[in-house]
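[1] using only what follows, build the 3D model:
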Amino acid sequence: MTTRPALHAESPKAAIFLDRELSQLMFNRRVLAQADDKRIPLLERLRYLCIVSNNLDEFFEVRVASLLAQGALHPDPSLAATLDRICKECHALVRQQYDILNTEVLPQLRARGVHLVRHTDRNEAQRAWVKQYFEREVRPLLTPIGLDPAHPFPQVSNKSLNFIVSLSGKDAFGRGTAIAIVKAPRVLPRVIQLPDDLSKGGGQLFCLLSSVIHSHVEDMFTGRDVIAYSQFRITRDSDLWVDEGEVKNLRQALKGELQGRQYGTAVRLEVAKNCPPELSDFLLGQFNLEPSRLYAVDGPVNLVRLAEMIDLVQQPSMRFPPFIAGMAQKSANLDIFEQMRKNDILLHHPFQSFQTVIDFICVAATDPQVVAIKQTIYRTGMDSDLMEALIKAAQLGKEVIVVVELKARFDEEANINWADKLEEAGAQVVYGVVGLKTHAKVALVIRREAEGLQYYSHLGTGNYHLTTTRLYTDFGLLTAHQQIGEEVNEVFIHLTSLTKPHKLTHLWLAPFALQEQIIKAIRNEARIARAGRPGRIIAKVNALVDESVIRALYAASHDGVKIDLIVRGACTLRPGVPGLSENIKVRSIIGRYLEHSRIYYFRNDLAHDVHLASADWMSRNLFRRIEVAFPVLDKGLKKRVIEEGLNPYLKDNSNAWELEPDGRYQRRRARGKQTEFSAQRYLMELLGSAENSIDG
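    The predicted structure follows:
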């Protein structure tokens, strides 16, 4: 009899689990590799650089801020060591990012006639235009602040563009104020396009707001000499916190907290590479930051804003070819409810259009037979036809219940605004469950028909957000399955009444049963393998960090279950370790679209159980959120999920990275006579509109 692997609580965690934060940074390295990939159109490479910057911003605002706060409350040598490793990796990542920008992307853009012109590169006519622009559009909005006892260091908001200036001589009152701060208003564009006639060799000219201000910083301090200056940017703790046990109205409490987010505890300082040490030291002191939190960058302090330039460039060949999503096959003679009664409808976004889901809610809003619409909202954006349809339905007197997650990070303001509008229209709005985020993506339409009340459901892996449905891969299921509809209704009753939900047969609901059901399914595959039959697990998630799930996977691997995990981001499981995880492989796919769908597949003696879910295999999803995993029951659609959502990703040798036991990722490439295969490209060709001309 073989022995079980040593997976007891006393096992050294470092031996069996990878570091979560470093794993998340490894994901950003894989994204950065896209910016360094010469096969990718040039402006898309620039976009990947911007994505890395945006990801790092959130990493500092949330993860680093949380670790620093923990360390301040409970000093811990291991936590300090983790922060030190994170710091070194972030510095290396940022250096590589700016190196790609300066040695690859910008020079190649110049060669293609797209110039991001600095002050030193401008000719006389260009300087004259920039000066006029500064005097007309910029200077009136700037308020330089010379620091003295009556002019203290100003409030600097999170991720805003600012300048520190060192001055010599006396001010207008004969005093030697040596330091001034200039804040760039957020209403000003960060990328400015110069007139085409200023380009002697043709092409397009752009400059950055930071460069415009740099060029004329001396004009703001008449009678003073500017000794040195630098742009700077501060990143702050951006997690919102309210005492949900004390507040009476979560929406009103969060409204008050949103403004404070701009001025949380500082966690990172970015300055220009040529910033004098005395100025960066002064800023570190002002923000109470250690020197390791300083990032001196060779370029603009906020690369995210360079994304403004991408859509302004008039050369489509430097972007991905436009893609037109396919439409789900529907008969023109049947409405959406008749279609759903005939067959479940599986949607695979962005390869298939999200418009079918919008149509589902819009038709329900005006259908006289529809008596109620219930929906969860996690992210939906400032403009949403779907939300307008819910408002319309409420105005028409239908029962509209919307569970709005007010604490969806960085979407709080949009969700609060929609909650206000929905309530004004007469909808019943609740904000989920105190202490838990409602992350489930479900909608329910109840229709009065000859047979009585009938349920029509939409369940998805992604948000009801039109923009992200064009950029993220996700699955959605439209079904008239009455038992599933009844269970979806039970979830809504649970969320509104706070009563314990009835036993659910089809849906796996967190925080009550989802983790237990996942572990049960994993152990079932292990039992099958121990009996000498094939055990097989394939899972596709955004992150895998829950220790209980990982330990169950290790045990299943030891029992002979073959396990493939497709994990886009952080993964703390160590694959391929003899005696621990030799039957587990982990890969990550980084491509044109952000991989976002969650799929759980268990072979289960050829039953081929497939669940789609809103939940990643993270402790927060399994225990601290309202999440729903739902089965795909139709055999044909189940086959589609496997053949579209899993198999192509296991075959990918173009955008795939394989995780090594030590936490490093190796890029998978076609070798020898192998044909290069990209899962995303395959799905674009398989499911996209016939109007597409897919290239590159």
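[2] where in the stretch 51-200 of the chain is pLDDT low?
    170-177 (pLDDT under 70).
[3] do a quick rundown of the strands in it.
    114-116, 145-146, 162-168, 179-183, 191-193 (DSSP state E, counting those that start in this stretch).
[4] using TSV, lay out those strands together with distance to L279 and mean neighbour count.
    Backbone N, C-alpha and C define where each C-beta goes, glycine included. Shown next, in TSV, are the strands of the stretch 51-200 of the chain (distance: least, CB to CB, whole Å; neighbours: other CB atoms under 10 Å):
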stretch	distance to L279	mean neighbour count
strand 114-116	25	21
strand 145-146	15	18
strand 162-168	5	20
strand 179-183	8	20
strand 191-193	25	17
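[5] now do the same for E424: helix, strand or coil?
    Taking DSSP: H, G, I helix; E, B strand; the rest coil as the rule, one finds E424 in the helix state.
[6] and the pLDDT at it?
    In this model, E424 is scored at 93, pLDDT.
[7] residues near it, how many?
    Residues lying near E424 (other CB atoms under 10 Å) number 11.
[8] swap in the one 3 residues further on?
    By the criterion of other CB under 10 Å, A427 has 23 neighbours.
[9] so what's it up against?
    390-391, 393-394, 400-402 (CB atoms under 8 Å, 6 or more residues apart in numbering).
[10] tell me the two of those that are most distant?
    I391 and I401 (13.3 Å; CB to CB).
[11] switch the strands of the stretch 51-200 of the chain over to CSV; also include distance to E547.
    Shown next, in CSV, are the strands of the stretch 51-200 of the chain (distance: least, CB to CB, whole Å):
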stretch, distance to E547
strand 114-116, 46
strand 145-146, 50
strand 162-168, 42
strand 179-183, 45
strand 191-193, 45
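[12] list the buried ones in the longest helix anywhere in the chain?
    For the chain, the longest helix by residue count, based on DSSP state H, is helix 77-100. For helix 77-100, a neighbour-count test (16 or more other CB atoms under 10 Å) marks 82-83, 86-87, 89-90, 93-94, 96-98, 100 as buried.
[13] for stretch 397-407, same thing?
    398, 400-407.
[14] what would the longest helix of the chain look like as PDB? C-alpha coordinates only.
    C-alpha atoms of helix 77-100 as PDB (Å, rounded to 0.1, in the frame of the first residue of the first chain):
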ATOM      1  CA  PRO A  77      10.400  38.800   9.900                       C
ATOM      2  CA  SER A  78       8.900  36.500   7.300                       C
ATOM      3  CA  LEU A  79       6.500  39.200   6.100                       C
ATOM      4  CA  ALA A  80       9.400  41.700   5.900                       C
ATOM      5  CA  ALA A  81      11.300  39.100   3.800                       C
ATOM      6  CA  THR A  82       8.300  38.700   1.500                       C
ATOM      7  CA  LEU A  83       8.100  42.500   1.000                       C
ATOM      8  CA  ASP A  84      11.800  42.600   0.300                       C
ATOM      9  CA  ARG A  85      11.400  39.900  -2.400                       C
ATOM     10  CA  ILE A  86       8.400  41.700  -3.900                       C
ATOM     11  CA  CYS A  87      10.400  45.000  -3.900                       C
ATOM     12  CA  LYS A  88      13.300  43.500  -5.800                       C
ATOM     13  CA  GLU A  89      11.100  41.800  -8.400                       C
ATOM     14  CA  CYS A  90       9.000  45.000  -8.900                       C
ATOM     15  CA  HIS A  91      12.200  47.100  -9.500                       C
ATOM     16  CA  ALA A  92      13.500  44.500 -12.000                       C
ATOM     17  CA  LEU A  93      10.100  44.400 -13.700                       C
ATOM     18  CA  VAL A  94       9.800  48.100 -14.100                       C
ATOM     19  CA  ARG A  95      13.400  48.400 -15.400                       C
ATOM     20  CA  GLN A  96      12.600  45.900 -18.100                       C
ATOM     21  CA  GLN A  97       9.300  47.600 -18.900                       C
ATOM     22  CA  TYR A  98      11.000  51.000 -19.600                       C
ATOM     23  CA  ASP A  99      13.800  49.300 -21.400                       C
ATOM     24  CA  ILE A 100      11.300  47.800 -23.900                       C
END
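[15] what about it, distance to the chain center?
    Offset of helix 77-100 from its chain centre (CA atoms, centre = their mean, to the nearest Å): 21 Å.
[16] could you say what helices and strands it packs with?
    Judged by 3 or more CB pairs under 8 Å, 6 or more residues apart in numbering; DSSP states H and E, helix 77-100 is in contact with helix 20-35, helix 42-58, helix 65-73, strand 294-297.
[17] which one of the ones you listed lies nearest to A419?
    helix 42-58 (23.6 Å).
[18] kindly calculate the angle that that closest one makes with helix 20-35.
    160 degrees (axes from the mean of the first three to the mean of the last three CA atoms, to 10 degrees).
[19] run the angle between helix 42-58 and helix 77-100 for me.
    Using the same axes, to 10 degrees: helix 42-58 against helix 77-100 is 160 degrees.
[20] can you list contacts of helix 42-58?
    Contacts of helix 42-58 (CB under 8 Å, 6+ apart): 27-28, 31-32, 34-37, 40, 90, 93-94, 97, 100-101, 104-105, 108-109, 112, 159, 235, 302-304, 306-307, 309-310, 313, 315, 318-320, 410, 592.
[21] try stretch 98-105
    Residues contacting stretch 98-105 (CB under 8 Å, 6+ apart): 32, 35-36, 42, 45-46, 49, 297-299, 303.
[22] ranges for the helices of the stretch 451-600 of the chain?
    Counting by DSSP state H, counting those that start in this stretch, residue ranges of the helices within the stretch 451-600 of the chain are 482-497, 514-530, 547-558.
[23] mean neighbour count and mean pLDDT added to those, as CSV?
    Shown next, in CSV, are those (neighbours: other CB atoms under 10 Å; pLDDT from 0 to 100):
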stretch, mean neighbour count, mean pLDDT
helix 482-497, 19, 95
helix 514-530, 19, 98
helix 547-558, 22, 98
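[24] export the ones you listed to TSV and tack on distance to M327?
    Formatted as TSV, the helices of the stretch 451-600 of the chain follow (distance: least, CB to CB, whole Å):
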stretch	distance to M327
helix 482-497	24
helix 514-530	32
helix 547-558	36
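[25] where exactly do the helices run in the stretch 151-300 of the chain?
    209-215, 250-260, 277-286.
[26] can you tell me which of those the model trusts least?
    helix 250-260 (a mean of 51).
[27] quick one on the thing from earlier: and the angle for the longest helix of the chain with helix 65-73?
    150 degrees.
[28] how close does the closest residue to R536 other than its chain neighbours get to F59?
    Distances taken as CB to CB, 6 or more residues apart in numbering place R603 nearest to R536, at 3.7 Å, with adjacent residues excluded. Relative to F59, R603 is positioned 36 Å away (CB to CB, to the nearest Å).
[29] doesn't E595 make contact with I589?
    Yes: if you go by CB atoms under 8 Å, I589 and E595 touch, sitting 5.3 Å apart.
[30] shared neighbours, those two?
    Common neighbours of I589 and E595, using CB under 8 Å, 6+ apart, are 566, 568, 649.
[31] quick one: which of the residues you listed is nearest M382?
    Nearest to M382 among these, with distances taken as CB to CB, is R568, at 26.1 Å.
[32] no further questions, thank you.
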